[in-house]
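Trainee: quick one: sequence plus predicted model below, questions after.
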Amino acid sequence: MIASLRDRLHRLWRAEDGNATIEFAIVFPAIITIMLSGLELGFITLEHAMLERAMDLTARDIRLGTGTAPQHDDIKNMICGYAGFIPNCDTNLRLEMIQVDPRAWTDIDPTPDCTDKSEEVSPVRNFVNGQSNELMVLRACAKFDPVFPTTGLGKELVKDEFGQYSLTALTVFVQEPR
């Protein structure tokens, strides 16, 4: 009886049935994580490209619209119209427009002004319409929800307490003469 049990255990030990299952169980989570991270990166890239494009088209409209000085809400509406899919754009997008003197350069604040759901709505930090021939920096910050917040890249993104990450876009233009 012991010999037959030993023979059975020996055959079980030498059998190669199930090797593919073990390899699959080890490799599958890594492959899925890489695939979901790739999808997340694709969405982040698309969202950032659309925000950058909206900023560039808005800056072009501001430059070419001589004689007009669009205000904060007008510029925000232009960006939201061009970007297309910023969720809740009217409350989610924050803008800063900073007047810069190119002859006496001072750096702008490196931290963008973004929305925060946990705080009360605060006024715009800095928004100045430029005069003729002045160098203007327009910066936008929008918040997005990760597509896969618990896996791969979505898990590693720097997020606020509501689980949103921020994307910023910056453009520089010269105010045309009026």
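Mentor: In hand now; what should we look at? Numbering: from 1, shown residues only.

Trainee: go through stretch 147-156 and flag the buried ones.
Mentor: Using 16 or more other CB atoms under 10 Å as the test for burial, stretch 147-156 gives 148, 151-154. To be clear about C-beta, it is placed using only N, CA and C from the backbone, and glycine gets the same treatment.

Trainee: which stretch of helix or strand covers Ala142?
Mentor: Using DSSP states H and E, Ala142 sits in strand 135-144.

Trainee: partner strands of that strand, with direction?
Mentor: Here strand 135-144 is paired, per DSSP bridges, with strand 94-100 (antiparallel), strand 165-174 (antiparallel).

Trainee: now, of these, which is deepest in the fold?
Mentor: Comparing the strands paired with strand 135-144 by mean neighbour count (mean count of other CB atoms under 10 Å), strand 94-100 ranks first with a mean of 19.

Trainee: dump it to CSV, restricted to CA.
Mentor: Extracted C-alpha coordinates of strand 94-100, given in CSV (Å, rounded to 0.1, in the frame of the first residue of the first chain):
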residue,chain,number,x,y,z
ARG,A,94,-9.3,77.1,-13.9
LEU,A,95,-7.5,79.8,-15.8
GLU,A,96,-4.7,82.2,-15.1
MET,A,97,-3.6,85.0,-17.4
ILE,A,98,-0.4,86.7,-16.3
GLN,A,99,1.2,89.7,-17.8
VAL,A,100,5.0,89.3,-18.2
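
Trainee: low-confidence ranges in the protein?
Mentor: Of all residues in the chain, those with pLDDT under 70 make up the ranges 18, 66-67, 115-132, 176-178.

Trainee: no further queries at this time; thank you.
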